[in-house]
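> quick one: sequence plus predicted model below, questions after.
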Amino acid sequence: MGLLGKKKEKCDACNKPFDDLDECRTHMKNIHPPTKPCTKCSGLMAWERQHTQAYGNLIYVCRECDFIGEMWRYYP
Ligand SMILES: [Zn+2]
Ligand SMILES: [Zn+2]
């Protein structure tokens with residue numbers, strides 16, 4: 001049957017589209033787990049989104065010391 005009933009899965013963090021949910025979950029677990037250990041202190045970094053007009057930044061920021069461990073761009 002046609003493609004109409006097929007819903008694309010999207011990564012919650014970077015909006016990358018996936019054909020199936022398992023792939024999407026694996027991607028999220030490997031690329032952006034909910035938290036990562038901070039390299040500057042003993043705290044945890046969690047991802048959050050920063051928006052600009054043309055694109056968004058996905059950053060890992062430490063809850064304790066505000067260190068930004070990783071940043072990459074995504075398009076909404
Ligand atoms: Zn992603
Ligand atoms: Zn830290």
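Thanks, I have the structure now. Numbering: from 1, shown residues only. Ligands and ions are numbered 1, 2, ... in the order given.

> can you show me the helices along the protein?
21-31 (DSSP state H).

> look up the closest residue to the residue nearest to the spatial centre of it, ignoring the ones flanking it.
Central residue of the chain (CA atoms, centre = their mean): residue 13, 2.8 Å from the mean position. Leaving aside its chain neighbours, residue 13 sits nearest to residue 32 (4.6 Å; criterion: CB to CB, 6 or more residues apart in numbering). For the C-beta atoms, the positions are set from N, CA and C on the backbone; glycine is no exception.

> look up how far ligand 1 lies from the residue nearest to the centre of the chain.
Distance of residue 13 to ligand 1, given as CB to the ion, to the nearest Å: 5 Å.

> who's in contact with that residue?
28, 31-32, 47, 49, 58, 74 (CB atoms under 8 Å, 6 or more residues apart in numbering).

> count of residues packed around the nearest residue to residue 42 once chain neighbours are set aside?
Closest residue to residue 42 apart from its sequence neighbours, by CB to CB, 6+ apart: residue 64 at 7.5 Å. Residue 64: 12 surrounding residues under other CB atoms under 10 Å.

> show me what contacts residue 64?
38, 41-44.

> this structure: strands as residue ranges?
Along the chain, counting by DSSP state E, strands occupy 9-10, 17-18, 35-37, 44-51, 56-62, 68-74.
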